[in-house]
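Q: Here's a sequence, model it:
(4 chains)
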Number of protein chains: 4
Amino acid sequence: MIRVGVIGCGYWGPNLVRVFNACDRTEMISLCDLDPDRVRRLLKNYPTIEGLTDPDAMMRRPDIDLIVIATPVGSHFDLARAAIEKGKHVLVEKPITERTEQARELIDLARRKGVLLAVDHTFLFTPAVEKMKELIDDGSVGRIQYIDSVRINLGLIQEEIDVIWDLAPHDLSIVDFLIDRVPRRVTATGGCHTAGGQVDVAYINLDYGDGLVANFHVNWLSPVKVRRMIFGGDRRMIIFDDLQNDEKIRVYDSGATAILDDNENRNGNTNGNGKRLKRIDYRVGDIWSPHLRRSEALTVEAEHIAAAIEDGVPLRADGEKGLRVIRILEACQQSLANDGERVFLERPVPAARTLVGAS
Amino acid sequence: MIRVGVIGCGYWGPNLVRVFNACDRTEMISLCDLDPDRVRRLLKNYPTIEGLTDPDAMMRRPDIDLIVIATPVGSHFDLARAAIEKGKHVLVEKPITERTEQARELIDLARRKGVLLAVDHTFLFTPAVEKMKELIDDGSVGRIQYIDSVRINLGLIQEEIDVIWDLAPHDLSIVDFLIDRVPRRVTATGGCHTAGGQVDVAYINLDYGDGLVANFHVNWLSPVKVRRMIFGGDRRMIIFDDLQNDEKIRVYDSGATAILDDNENRNGNTNGNGKRLKRIDYRVGDIWSPHLRRSEALTVEAEHIAAAIEDGVPLRADGEKGLRVIRILEACQQSLANDGERVFLERPVPAARTLVGAS
Amino acid sequence: MIRVGVIGCGYWGPNLVRVFNACDRTEMISLCDLDPDRVRRLLKNYPTIEGLTDPDAMMRRPDIDLIVIATPVGSHFDLARAAIEKGKHVLVEKPITERTEQARELIDLARRKGVLLAVDHTFLFTPAVEKMKELIDDGSVGRIQYIDSVRINLGLIQEEIDVIWDLAPHDLSIVDFLIDRVPRRVTATGGCHTAGGQVDVAYINLDYGDGLVANFHVNWLSPVKVRRMIFGGDRRMIIFDDLQNDEKIRVYDSGATAILDDNENRNGNTNGNGKRLKRIDYRVGDIWSPHLRRSEALTVEAEHIAAAIEDGVPLRADGEKGLRVIRILEACQQSLANDGERVFLERPVPAARTLVGAS
Amino acid sequence: MIRVGVIGCGYWGPNLVRVFNACDRTEMISLCDLDPDRVRRLLKNYPTIEGLTDPDAMMRRPDIDLIVIATPVGSHFDLARAAIEKGKHVLVEKPITERTEQARELIDLARRKGVLLAVDHTFLFTPAVEKMKELIDDGSVGRIQYIDSVRINLGLIQEEIDVIWDLAPHDLSIVDFLIDRVPRRVTATGGCHTAGGQVDVAYINLDYGDGLVANFHVNWLSPVKVRRMIFGGDRRMIIFDDLQNDEKIRVYDSGATAILDDNENRNGNTNGNGKRLKRIDYRVGDIWSPHLRRSEALTVEAEHIAAAIEDGVPLRADGEKGLRVIRILEACQQSLANDGERVFLERPVPAARTLVGAS
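A: Coordinates of the predicted model:
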């Protein structure tokens, strides 16, 4: 039985307390918040759990195996480092830290201490994302050609962080999980429309160097709520609409294939490889909406964390994954601050090659 | 009665012949295509119109007032210049020319010759775009904060031009018409996924220098067809969905207003202007789908051209408008060729200012 | 302060306990269920409320003003009668009783005892239904011409009652509230598709005698969930889609008007009134989705009951309204049992007149 | 080569002329309308076809094999009889005749004369209906439990016929084709809301005697256009939405199965067969939208008629099918005229049996 302590009882913490309390392999031992009222309120429903207002007191308990950190991002690094140094496994809310070097330090520390460092990318445990992972990994979608993501709604304007740090981690973690690649180039543009506020509308554009582009629209000003991601492959396209009840995923069986002309003795526009495009064959097929399980992501995640700790199952979202996400967030910040200038995560590849995908 | 000749009887030309033939103020006199078969086929329905395979023959007819050019973009410049030099009014298909300097030359020439140079931005004459113009101009939408445009579908991959030149002129001309502004900064990214083909998926990002960003997704590879534009204003948001039959336009009456804290003696994050964001007031209201006329855009456009020629009504889409669109297209081309590097249409504004909108 | 006791702590009872506990004008005193486990579970959240397993014990408490009955329909009559005889105000779950004569007896008894008899038609307190009532009462919809209701989904097949008694009370109570009329003729048809089960698919058809028809589709076998009502008026049509989050109500501003020919000297088909139909004028207008409050229906209802008891505000759903609904349910039962034969709630009107509406 | 004459050049006739002219196996020879203007207009596009204003002249031509009758329903019988008597094959617009005995007479006459009598149920040749036929016939849908059809829109109010005769033939012919059964009982209710007009809103309810009910809503007063049919089977449900472009058919893989309790020694509600319903198992699965061909129904139909004439392929919609549809229409008329009274097409089955489906 894994004994769990949760630090941070604000918006998300109570959900973590609930699932780790309900999970058969974990036992909620202790919860902590600087605000004693939050602790008191939460303890009403869990009278047997210890309530603390000092995180150090939790760190010092030798019988706690896993510390879950659900505080604002500014405190993630210090709390996670303290817990890891005490030999605790750690699950940190996303984004894992404020800066990449902090995440790197936590990863190294956890490796040295032999504990797990997990980041709470909850979306990876939703039935929809798991189904997409399955469809991409088994080749059903084919080679991914473009990714388009829209997460817009009215509200939740925040003082401390901008719309990118608030909303994009969800989508970036999903994309990272599904395609398991690091973009080559990042740009972010946006605007701020509330005096004294943060950027509230933004676009992120990622280029992966072989024709794959990913674009993200995050927005706090839209009266219409949209949660939609498109994964376009050369075999099938997936649309993930998280606001649908019964058809969150739709799979479109269709694509386009270029037919090149081998008979090349006319004075044509030969593109690159010396062959002329003869025609495009379009294949259009069925649309399919797979039935999804009705499981709660967070419950599945709690069981997964337990299995990682006790059975050595590889973490779906470890520190490295958390780091990859904030590396992109940092690049976005940098691009935004430099008027949309490109930020290269690795050495730039010559431009001409970028645009020639399938050759 | 304005006597009209149409050059180019391919995909779009027959529509132009039809509406100029039906319009009360115009008379179709002559049509021309290099391909005699096309001419023959079209003449079947219009036995009284002259059919030509030599554009010069049309130019030489002194009794023709207006020459409509519906040929591939590569020939627009030469044909338009020849027509203008003969003193004809000209309506050119979009994009007006291949290069901005060509468009500039046509504009100057037309001015000197005292003839009209119109560009066929048909969308500007649709009931939906006219209604949006009305709602933006009368202040219903408020200050535009962001524009998001999606024009994606399967197919129509072309050899000569990429997906930006193929699809984006529609959306760029609509945005230009509705907000009547020139972007400060242009970036374009994309990918090519057919060997020997053109860029088939692309994103265009425009920054207007005061917090307004506009993003365009154009795509030849999507099995799902989408035609959707969002105009987010600080009073209302418009969604224009051109695939809807009965509700092409939906107006969302809602928005967010920042309430600043005047009492500023705490140690707060004061953003820029020294005041602290106190809270955001969200206003949510009705959704409204205005009834639109059922008129055909091209018919309205033909009447508009006639009124411009005979009554001096200002052209809705003159050479300048055509030039503004291809100026952005050229910048996109340049950005695409330079791996997404920013292209500034005017002198760059310091980055920090760009992101602070409402101050 | 109105002191409240709730009998029945199954599916719906806990919601009633919650709202009467939260309401400022009411005080939850006592709750009761034959099953002591249910009582125990519910008391955990309300440690100060008395828990009973004998309804009579609640009836005997002189300090209770209002007894809420949320038991299966079979026990409504006895419990309500007992409560009323003790001089308690009563709120009964729908359907009010199993038979119309029982409802009639409760109404009479409550009148004699000077207490209120309310029936829990919760839907009448939803923002959507309240908005529709407003639009119908202020003439915006015009004369109602047809009502179409669909309430279908998979599941909830029950042993004791058929799909009509399960689902139709919602829609019948909404229609009764909105148009405040009693149908003249009732038919019900349906089918049973589970061996040993109840009718699981059914259609109810109501005729109101002046051209107004109302049709209801209730269905336990549909994998697609639909909750949609149409109210067609001669000025506007309302669509109420309860599964929508943001646009539960849509108002279509359009209609058709007959233009009669006054010049009647040809040998025409004169219909009824001696005039010939000349043409139909169609008026099509805007579509409008009014913003709705976000209030919870049951909370509004609890306040309404309190206002009825203390301030004499007329009950929105009194015993008469409950009776009208089960009168139709009884007629449906009778029609179903007689192979869809018509059941007349009042004296039949000659058929010919039924079909001539506007004359 | 089958030589074809078309009588009636109003709304639908020109389409028939077009497809029989384009079909490889047929040759348009002659067309006829009482109105010489219509003939003249149509001949412009078909200068080689003979134009007539006297149907007898066409009947007399010995070289015509097939006469297509696209006149108002009142003249169908006389024209079809005359053509058949001259030994012509006949294709008649739907509804085949005004009265069932007329259809019966045409069927008998065609049999005696050895010619084909086809009725133009165009919908049967649409890719959507053909796909549904396939899914029902191969058992994918299972036993059909209910059919729900909605065909509503604004307009097209007619003087001569009511909304049932105008709209329902489409849906009735589709249902007849898909399930190939005759209903046992018919009721129709409706209302008229234009002074001097016809019934403009109506519901048809069909009972097939074994639990299958079919309900049809036809309506000229709805500002929202709906074309939707549901076929609920015990294995899958199909929704056919004819207004969708890309997903006209959606197949829902789900259903409910009754589990009976074999251990029957408690004092339970045993329903009919002595067993008690234990529980319902719900199966929910994928949703699937099969890709449909893009063929034009009328073109497919013309080829089918040719194949029936020349190759002996059985007619998909022969006189018997046409008769079955108008038999229901006649029953509807009778029910409407008698205030919704039931009309039995065959001997009535005892009511109790009707409601017990699966036993």
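Q: so what are the domain limits for chain A?
A: Using automatic domain parsing, the domain ranges for chain A come out as A:2-120, A:124-295+A:326-352.
Q: model confidence over the last one, on average?
A: Read that as domain A:124-295+A:326-352. When pLDDT is averaged along domain A:124-295+A:326-352, the result is 85.
Q: Same check on the shortest one?
A: pLDDT averaged over domain A:2-120 equals 96, rounded to a whole number.
Q: do that domain and chain B meet at all?
A: No - counting by CB under 8 Å from any CB of the partner chain, chain B is not contacted by domain A:2-120; separation bottoms out at 12.3 Å. To be clear about C-beta, it is placed using only N, CA and C from the backbone, and glycine gets the same treatment.
Q: is that domain anywhere near chain C?
A: No - Domain A:2-120 lies apart from chain C when judged by CB under 8 Å from any CB; the minimum separation is 9.4 Å.
Q: name the helices or strands packed onto the strand or helix carrying A:Glu310?
A: Element membership for A:Glu310, per DSSP states H and E: helix A:297-311. Helix A:297-311 sits against strand A:2-7, helix A:13-22, strand A:26-32, strand A:89-93, strand A:117-120, with contacts defined as 3 or more CB pairs under 8 Å, 6 or more residues apart in numbering or on different chains; DSSP states H and E.
Q: Not counting that helix itself, show me its contacts.
A: Taking contacts as CB atoms under 8 Å, 6 or more residues apart in numbering or on different chains, the residues outside helix A:297-311 that touch it are A:2, A:15-16, A:19-20, A:22-23, A:25-26, A:65-66, A:89, A:91, A:116, A:118, A:120, A:122-127, A:313-316.
Q: Separate out the buried members of the residues you listed.
A: Among the contacts of helix A:297-311, those buried by neighbour count (16 or more other CB atoms under 10 Å in any protein chain shown) are A:2, A:16, A:19-20, A:23, A:26, A:65-66, A:89, A:91, A:116, A:118, A:120, A:122-127, A:315-316.
Q: Could you check what's spatially nearest to the closest residue to chain C within the stretch 51-200 of chain A, not counting adjacent residues?
A: Closest to chain C within the stretch 51-200 of chain A is A:Leu154: 10.4 Å, counting by CB to the nearest CB. Spatial nearest neighbour of A:Leu154, excluding adjacent residues (CB to CB, 6 or more residues apart in numbering or on different chains): A:Pro223 at 5.0 Å.
Q: Is the one you found located within a helix, as I assumed?
A: No - per DSSP: H, G, I helix; E, B strand; the rest coil, A:Pro223 lies outside any helix segment and is strand.
Q: Report the separation between it and B:Val284.
A: 7 Å (CB to CB, to the nearest Å).
Q: More neighbours: the two, which one.
A: Neighbour totals were compared for A:Pro223 and B:Val284, and A:Pro223 leads with 24 against 17 (other CB atoms under 10 Å in any protein chain shown).
Q: The more buried one is in contact with B:Ile239, isn't it?
A: No - A:Pro223 lies out of contact with B:Ile239 (CB atoms under 8 Å); the separation is 9.6 Å.
Q: overlap in contacts of these two?
A: What both A:Pro223 and B:Ile239 touch, as defined by CB under 8 Å, 6+ apart, is the set B:Tyr252.
Q: give me the residue from the stretch 1-150 of chain A nearest chain D.
A: Nearest residue of the stretch 1-150 of chain A to chain D: A:Lys131, at 10.8 Å (CB to the nearest CB).
Q: tell me, what residue is most central in chain A?
A: Geometric centre of chain A, nearest residue: A:Ser173, 1.5 Å, by CA atoms, centre = their mean.
Q: Quick one: neighbours of the nearest residue to that residue once chain neighbours are set aside, just the number.
A: Spatial nearest neighbour of A:Ser173, chain neighbours left out: A:His121 (4.0 Å); criterion: CB to CB, 6+ apart. The tally of other residues near A:His121 (other CB under 10 Å) stands at 27.
Q: repeat for A:Ile230
A: 23.
Q: Please name every helix or strand in contact with the helix or strand hosting it.
A: Assigned by DSSP H and E, A:Ile230 belongs to strand A:221-233. Secondary-structure packing of strand A:221-233 (3+ CB pairs under 8 Å, 6+ apart): helix A:127-137, strand A:144-154, helix A:163-179, strand A:236-241, strand B:221-233, strand B:236-241, strand B:249-261.
Q: For that strand, buried residues please.
A: Neighbour-count burial for strand A:221-233 [16+ other CB under 10 Å]: A:221-224, A:226-233.
Q: who touches both of A:Pro223 and B:Val284?
A: Common contacts of A:Pro223 and B:Val284 (CB under 8 Å, 6+ apart): A:154, B:253-254.
Q: Tabulate the helices and strands packed on helix A:297-311 (TSV), appending distance to C:Phe344.
A: Output for those, formatted as TSV (distance: least, CB to CB, whole Å):
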stretch	distance to C:Phe344
strand A:2-7	66
helix A:13-22	56
strand A:26-32	64
strand A:89-93	66
strand A:117-120	64
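Q: I'd like the distance between A:Asp207 and B:Ile2.
A: For A:Asp207 relative to B:Ile2 (CB to CB), the value is 50 Å.
Q: no, scratch that, I was asking about A:Asp120
A: Between A:Asp120 and B:Ile2 the distance is 69 Å, computed by CB to CB.
Q: tally of neighbours for the closest residue in space to A:Leu323 that isn't next to it in sequence?
A: Of all residues not flanking A:Leu323 in the chain, A:Ala103 sits nearest, at 4.1 Å (CB to CB, 6+ apart). A:Ala103 has 29 neighbours, counted by other CB under 10 Å.
Q: So A:Ala103 is in contact with A:Lys321, correct?
A: No - applying CB under 8 Å as the test, A:Ala103 and A:Lys321 come out as separate, 10.0 Å apart.
Q: if I look at these two, which residues touch both of them?
A: Common contacts of A:Ala103 and A:Lys321, defined by CB under 8 Å, 6+ apart, are absent altogether.
Q: And the residue of the stretch 51-200 of chain A closest to chain C, how far from B:Ala297?
A: Separation of A:Leu154 from B:Ala297 (CB to CB): 33 Å.
Q: Neighbour count for the two, which is higher?
A: Taking neighbours as other CB under 10 Å, A:Leu154 and B:Ala297 compare with A:Leu154 leading, 21 against 18.
Q: what about A:Tyr291, which helix or strand?
A: In this structure residue A:291 is His, not Tyr. Per DSSP H and E, there is no helix or strand for A:His291.
Q: isn't it right up against D:Tyr252?
A: No - using CB under 8 Å, A:His291 makes no contact with D:Tyr252, being 9.9 Å away.
Q: Need the overlap of contacts for those two.
A: Taking CB under 8 Å, 6+ apart as the criterion, A:His291 and D:Tyr252 both touch D:285, D:287.
Q: More neighbours: these two, which one.
A: Just comparing A:His291 and D:Tyr252: by other CB under 10 Å the higher neighbour count belongs to D:Tyr252, 24 against 18.
Q: Run through the strands of the stretch 251-359 of chain A in chain order.
A: Along the stretch 251-359 of chain A, the stretches classed as strands by DSSP state E, counting those that start in this stretch are A:276-289, A:343-344.
Q: The last one near chain B anywhere?
A: No - Strand A:343-344 lies out of reach of chain B by CB under 8 Å from any CB, never closer than 9.2 Å.
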